[in-house]
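**Q** Task: produce atomic coordinates for the following.
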Amino acid sequence: METLVRAMGSEGVLAFACVSTRLVEEARRRHGAAPTAAAALGRALTASSLLSATLEGQQKVTLRILGDGPLGGIVTDTTASGDVRGYVQNPAVHLPLSNRRKLDVGAAVGRGTLHVTKDLGLRWPYHGSAPLVSGEIAEDLAYYLAQSEQVPSAVSLGVLVEPDGRVSAAGGFIVQVMPDADPGARDYLEAHVRALPPVTQLVQQGASSADLARAALGRLGAHILEERPVRYRCTCSRERVEGVLALLGAEEVESLLAEGRAEVRCRFCGEVYVLGRQALQELLWRLRGSRPPVA
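**A** Model prediction:
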């Protein structure tokens, strides 16, 4: 099972790291995402997982990347228990390679805004946002953390997509310098992180989430504080679908009943729920507070 690691380095530095290959491949498969869309969605899913590292209990974090590129919006949800889900508005997008011969995620995302919403179980959720500075997601998240949460951070995200479209490596890390950190730690980490191999190269070589944390912290060391599972799992269900249809009202349900069925597809996981005539009739009876006729 893939995991998310929270680690402490010396001199007041934290690291969160995650190998996410299987969950990103699951997302690509469920959404039928083309390579560029799969890379963008995979980076967002990994980023969302990393942002969940400090959550507890029933808390969750939602990441929304709303750019003006052809991908449209990217939305992810991650719970404190490690359940991750997400979707990209236009999963069929695939662009020519960039000048560096890499998937051009920046052009696919475009410019816009990155939003982070944390449901911490309080009366109101926490919400922060920042402009997209490149569309590459890692740079955008680092800018958000520095500007909106005032935490200087180094962020690395990677998704390797094979010629057949399969995701063969994915992962990432966030390194954060705490306010009481040694002044030299920030300078060291900036140079050290820039010199590291790509995350996907480390994952291909067999690195675990703990290995990524150790690589990210370098000579500062990495004391593993916590390791928790992460996996692609959606919270949709037939009961939730019926609840959504109920919100449409009796007239809309009656219209669906006249058509003989309702088909609802979950945007987060691609699961399709079909409600036939009998299920719609029972829902309509409940909405109208009536009882089915006795045979």
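**Q** longest single strand anywhere in the protein?
**A** strand 167-177 (DSSP state E).
**Q** After that one, which helix or strand is next?
**A** The element immediately downstream of strand 167-177 (helix or strand, assigned by DSSP states H and E) is helix 183-195.
**Q** give me every residue that touches the nearest residue to Pro35 once chain neighbours are set aside.
**A** Distance criterion CB to CB, 6 or more residues apart in numbering; nearest residue to Pro35, sequence neighbours excluded, is Val161 at 4.4 Å. Backbone N, C-alpha and C define where each C-beta goes, glycine included. For Val161, the contact set (CB atoms under 8 Å, 6 or more residues apart in numbering) comprises 28, 35, 38-39, 103, 167-168.
**Q** Which strand residues bridge Val161?
**A** For Val161, the residues forming beta bridges with it (DSSP bridges) are Val167.
**Q** Can you tell me how far it is from Ser153?
**A** Per CB to CB, to the nearest Å, Val161 is found 26 Å from Ser153.
**Q** sorry, back to before: what's the average pLDDT for the longest strand of the chain?
**A** Averaging pLDDT along strand 167-177 yields 96.
**Q** and what of stretch 119-135?
**A** Average pLDDT, stretch 119-135: 93.
**Q** what comes up buried for that stretch?
**A** Buried residues in stretch 119-135, counted by 16 or more other CB atoms under 10 Å: 119-120, 130, 132-133, 135.
**Q** I'd like to know which of those residues is nearest to Val230.
**A** Nearest to Val230, judged by CB to CB, of the buried residues of stretch 119-135 is Asp119 at 17.9 Å.
**Q** got the phi/psi numbers for the closest one?
**A** Main-chain dihedrals, Asp119, degrees, to the nearest 10: phi -90, psi 100.
**Q** One more: Arg123?
**A** The phi/psi pair for Arg123 (degrees, to the nearest 10) is phi -60, psi -40.
**Q** if I look at it, how far off is Leu51?
**A** 21 Å.
**Q** cool, and Val244?
**A** To Leu51, Val244 is 27 Å away according to CB to CB.
**Q** Tell me which of these two has more neighbours.
**A** For Val244 and Leu51, the more surrounded residue by other CB atoms under 10 Å is Leu51, and the numbers stand at 21 against 11.
**Q** what sits against Pro152?
**A** 145-146, 176-177, 186.
**Q** Apologies, that question was intended for Phe268.
**A** 75, 77, 85-87, 234, 236.
**Q** same thing with Val159?
**A** Val159 sits next to 24, 38-39, 42-43, 46, 103, 167, 169-170, 200 when contact means CB under 8 Å, 6+ apart.
**Q** And Glu80, its phi and psi?
**A** One correction, residue 80 is Ala, not Glu. Per-residue torsions, Ala80: phi -60, psi -30 (degrees, to the nearest 10).
**Q** Am I right that it is in contact with Ser49?
**A** No. Here Ala80 does not reach Ser49: they are 11.2 Å apart, not a contact under CB atoms under 8 Å.
**Q** more neighbours, these two?
**A** A count of neighbours by other CB under 10 Å puts Ser49 above the other of Ala80 and Ser49, at 32 against 18.
**Q** what's the neighbour count on Ser255?
**A** Ser255, neighbours per other CB under 10 Å, totals 13.
**Q** Now it: which helix or strand?
**A** Using DSSP H and E, Ser255 falls within helix 250-259.
**Q** elements contacting that helix?
**A** helix 238-248, helix 277-288 (3 or more CB pairs under 8 Å, 6 or more residues apart in numbering; DSSP states H and E).
**Q** right, so these: which one is the most enclosed?
**A** helix 277-288 (a mean of 16; mean count of other CB atoms under 10 Å).
**Q** could you give me the average pLDDT of it?
**A** For helix 277-288, the mean per-residue pLDDT is 86.
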